[in-house]
Structure formats: C-alpha cells, structure tokens
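>>> Need a 3D model of the following:
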Amino acid sequence: MGLVASTGEEDRTFSDVVTTLRALTCDDLEAVNNEILSRMQSPVAMIPDLAGHLISSGGKRIRPMLTLASARLFDYGGRDHIKLAAAVELIHGATLLHDDVVDRSELRRGEKTANIIWGNKESVLVGDFIFSRAFELMVAAKNLRVLQILSRASGIIAEGEVLQLATQKNIAATFEMYLAVVESKTAALFAAATQAGAVISQCSPDEEEALRSYGRNLGIAYQLVDDALDYSGYEAALGKSVGDDFREGKMTLPIVYAVARARDEEKPFWRRVISDGSQTIDDFETARSFMDRDGTIAETITCARRYAARALEDLSRAPQNEYSDALAALVESSISRAF
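Take a look at the predicted model:
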C-alpha cells in the first residue's frame with residue numbers, strides 16, 4: 001500500500017488484525033466488558049435494557065483496545081487502564097446514541113438502532129446516563145491528567161456534533177471544514193484513548209505525545225475510509241445503509257471533492273440533492289457516477305493513506321514490541337477495509 005516497507009501484514013484483513021489485537025488484550029478486554037456491564041445496572045429497567053442493546057450489538061471495541069494496548073506497550077502492570085478503557089467505550093457508546101437520534105439512523109452494526117426500538121427521548125437520556133458512568137470511571141482511576149484528557153475529549157466530540165450540523169447541506173464546505181469535523185467527532189476520542197493508556201503507564205512526555213498523535217492520525221484515516229465506504233462499500237461490511245451520508249446531506253470528503261470538481265451544468269444537481277435535500281431514487285447512483293469520473297473516492301483513500309503514514313511514523317517513536325506491531329497492523333488494515 002505504499003505506507004512502509006513490507007511487514008507481511010498486507011494480506012491480513014481488518015477483521016484479522018482486530019482479532020489479533022483482541023487476543024493480545026483478551027484478559028484486559030474481558031475485565032473491561034465486566035466493568036461496563038456492572039456500570040449499566042440501574043433500578044430503572046429501561047436503562048440496562050437500552051444500554052445493553054447498544055453495548056452487546058457487536059461493536060469491535062477498537063477504542064478501548066487502543067487504551068489497553070497503549071498501556072501494555074509501556075509494560076504497565078496496574079489495573080487502572082481497565083477503568084479508562086471502559087470509560088472510553090462508554091463515551092463512544094453515549095455519542096452513538098446521540099448521533100443516531102440527530103441523524104435519524106435506523107441501523108447500527110446491522111441492527112435496529114435504539115432510537116427506533118425505544119424512541120428518541122429515551123435514547124438521549126440513556127446516552128446521558130452512560131456519559132455519567134464514564135465520568136465515574138475516570139474519577140475512579142485517580143489520575144487528574146487522564147481525567148483532563150478524557151473530559152476534554154468529551155467536550156470536543158460534542159463540539160464536533162454541532163460543527164457537523166453547521167456544515168451539513170453546505171456545498172460551500174471546504175476540506176478544512178470537513179477535517180475540523182473529523183478531528184472533533186472521531187479523532188479526538190482515538191487520540192484520548194491512546195494518550196490515556198500512555199499517561200497511566202507513566203511513559204516519557206515524548207512517548208505520550210507520540211501515542212496521542214498516533215491516535216489522532218489513525219482516527220482521521222479511519223473516518224476518511226468510512227466516508228469513502230458510504231459511496232463504495234457494502235451494507236454487510238458497513239453495518240449501516242450505504243448512502244446514508246448522501247441522504248442526510250453530510251459534506252464528507254467525497255462530496256466536498258465532487259462539488260469542487262463539478263462542471264457548471266452539474267452544480268444545480270448538487271444544490272438540489274445536498275443543499276435542498278430534494279432527492280429522487282436515482283440521485284445516489286448519479287452522484288456516484290460523478291465521483292467515479294472525477295476520482296473523488298480514490299482521492300479520499302489517498303488522503304487516508306497520508307494520515308495512516310503519519311500514524312506509523314508516530315508509532316516508530318514508541319517501544320517496539322508485539323503491541324506496537326498490532327497497532328501498526330491496525331493502521332495498515334484500516335485503510336483497506338471492504339475495498
């Protein structure tokens with residue numbers, strides 16, 4: 001893929017690499033899952049039911065595994081990384097519940113979303129409950145620096161949600177505007193997950209920064225590929241409907257590039273389907289034909305590869321062991337998902 005010299009990982013699928021990372025962290029991850037389940041208990045029956053639907057719906061647990069692997073990378077021998085990894089996953093879960101309400105999503109990981117089953121109000125309130133449990137776990141780790149990192153990431157994610165609403169349906173959105181959304185909504189939690197694992201292990205400031213930057217660049221690359229897959233992937237692989245971003249008028253990078261390269265006679269099409277939200281059954285295929293012609297999906301993947309290369313450079317500044325190997329493989333396989 002042109003990122004680094006061959007490591008023998010090129011033939012491994014994303015699923016294979018995640019399985020390897022899960023095997024490396026299996027005992028820790030089981031402890032994280034138990035911690036999460038215990039934190040979801042409530043005398044209000046709907047809370048564990050709705051939260052359990054989200055937590056058990058087949059997520060890959062990439063973010064908590066990043067925290068666990070980052071701590072183990074530096075030979076951390078304590079148990080507080082379990083609490084932090086659980087907090088990271090709960091932050092992610094809470095944002096998913098809120099996202100699905102905002103986006104009116106119907107599928108999440110191939111299953112009906114909580115807002116479809118229980119309702120929007122219920123999803124938002126249980127999302128708030130999950131956020132509160134995440135903060136309890138952060139406090140339980142008794143590390144002020146980590147609390148600062150994860151609480152700040154939570155605020156940045158919320159800012160990203162608002163920023164995405166501001167750019168939605170705006171065909172004047174630029175690459176810089178798009179990147180600001182991705183950095184807030186996705187990369188912030190990836191970066192906090194890896195940085196938290198590094199901090200709890202008491203590594204050097206340079207190593208902490210390397211892991212933070214690794215998480216950020218991985219998160220951006222990961223989201224870029226997700227956005228490309230919305231126009232070129234398969235529903236079974238995505239766990240959601242292909243074309244959801246298009247139907248919602250999200251200015252993801254394939255669209256940003258497509259609008260920028262549109263011929264004069266095509267610009268009314270983009271105004272109608274994105275800005276006005278007036279779409280016919282054939283519009284998605286028309287949009288994809290323009291993207292194929294102008295190479296916007298391919299260029300989105302090229303951009304993802306640039307960020308992946310930066311993530312690998314960051315990782316080279318950390319200790320080299322089986323955990324760094326797994327984290328490097330995660331980068332490489334992330335940009336070839338479902339293609």
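
>>> got the contact list for the closest residue to Thr186 other than its chain neighbours?
Spatial nearest neighbour of Thr186, excluding adjacent residues (C-beta to C-beta, 6 or more residues apart in numbering): Gln223 at 4.2 Å. No exception for glycine: its C-beta is placed from N, CA and C like everyone else's. Contact analysis of Gln223 by C-beta atoms under 8 Å, 6 or more residues apart in numbering lists 182, 185-187.

>>> Can you name the next helix or strand after the helix or strand hosting Val146?
Element membership for Val146 (DSSP states H and E) is helix 144-167. Downstream of helix 144-167, the first helix or strand assigned by DSSP H and E is helix 175-182.

>>> Go ahead and confirm Asp99 touches Ser105.
Yes: shown here, Asp99 and Ser105 form a contact pair, counting by C-beta atoms under 8 Å, at 7.1 Å.

>>> May I ask which of the contacts of Gln223 has the most neighbours?
Using other C-beta atoms under 10 Å as the neighbour test, the contacts of Gln223 are led by Ala187, with 26 neighbours.

>>> Tell me the spacing between it and Tyr222.
8 Å (C-beta to C-beta, to the nearest Å).

>>> Gly77: how many residues sit nearby?
9.

>>> for it, helix, strand, or coil?
coil (DSSP: H, G, I helix; E, B strand; the rest coil).

>>> for the one 4 residues further on, same thing?
Secondary structure for His81, judged by three-state DSSP, is helix.

>>> which ones are touching Leu327?
The contact partners of Leu327, by C-beta under 8 Å, 6+ apart, come to 21, 66, 69-70, 73, 214, 315.

>>> and the helix holding Val146, what other elements does it pack with?
Helices and strands touching helix 144-167, by 3 or more C-beta pairs under 8 Å, 6 or more residues apart in numbering; DSSP states H and E, are helix 80-103, helix 120-140, helix 175-182, helix 188-200.

>>> Which residue is the nearest non-sequential neighbour of Asn217?
Once flanking residues are discounted, Asn217 sits nearest to Ala311: 3.8 Å by C-beta to C-beta, 6+ apart.

>>> Likewise for Asp128?
Once flanking residues are discounted, Asp128 sits nearest to Ala94: 7.3 Å by C-beta to C-beta, 6+ apart.

>>> how far away is that neighbour from Arg293?
40 Å.

>>> Let's see the pLDDT reported for the residue lying farthest from the centre of the chain.
Within the chain, the residue lying farthest from the chain centre (C-alpha atoms, centre = their mean) is Glu265, at 35.9 Å. Note for Glu265: predicted pLDDT of 97.

>>> now do Ser57
Per-residue pLDDT puts Ser57 at 71.

>>> That one belongs to a helix, doesn't it?
No: under three-state DSSP, Ser57 falls outside any helix and is assigned coil.

>>> Poorly predicted segments of the chain, please.
By pLDDT under 70, the low-scoring segments of the chain are 1-11, 58, 109, 233-241, 338-339.

>>> Next, find the distance separating the residue nearest to Thr186 from Leu253.
For Gln223, the distance to Leu253 equals 9 Å [C-beta to C-beta].

>>> shared neighbours of these two, which are they?
With C-beta under 8 Å, 6+ apart, Gln223 and Leu253 have no common neighbours.

>>> Now for Val162, how many residues are close by?
So Val162, with other C-beta under 10 Å, has 11 neighbours.

>>> give the contact list for the residue nearest to Asp128.
Counting by C-beta under 8 Å, 6+ apart, Ala94 touches 127-128, 130-131, 134.

>>> let's see 10 Å
By C-beta atoms under 10 Å, 6 or more residues apart in numbering, the contact list for Ala94 reads 51, 54, 124, 126-134, 154, 157.

>>> and of the residues you listed, the nearest to Phe175?
Ile157 (20.8 Å; C-beta to C-beta).

>>> can I get the contacts of Ala94 in CSV with neighbour count and distance to Ser204?
As requested, those are exported to CSV (neighbours: other C-beta atoms under 10 Å; distance: C-beta to C-beta, whole Å):
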residue, neighbour count, distance to Ser204
Ala51, 26, 38
Leu54, 25, 37
Val124, 17, 41
Val126, 26, 40
Gly127, 24, 36
Asp128, 12, 37
Phe129, 21, 37
Ile130, 27, 34
Phe131, 20, 32
Ser132, 12, 34
Arg133, 23, 32
Ala134, 26, 27
Ser154, 20, 26
Ile157, 22, 28
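
>>> shouldn't Asp226 be in contact with Lys250?
No: Asp226 lies out of contact with Lys250 (C-beta atoms under 10 Å); the separation is 11.3 Å.

>>> How about Leu189: what's its closest non-neighbour residue?
Nearest residue to Leu189 in three dimensions, chain neighbours excluded: Ala153, at 5.5 Å (C-beta to C-beta, 6+ apart).

>>> relative to helix 175-182, how tilted is the helix or strand that contains the residue nearest to Asn217?
Assigned by DSSP H and E, Ala311 belongs to helix 296-315. With axes from the mean of the first three to the mean of the last three C-alpha atoms, to 10 degrees defining the directions, helix 296-315 sits at 60 degrees from helix 175-182.
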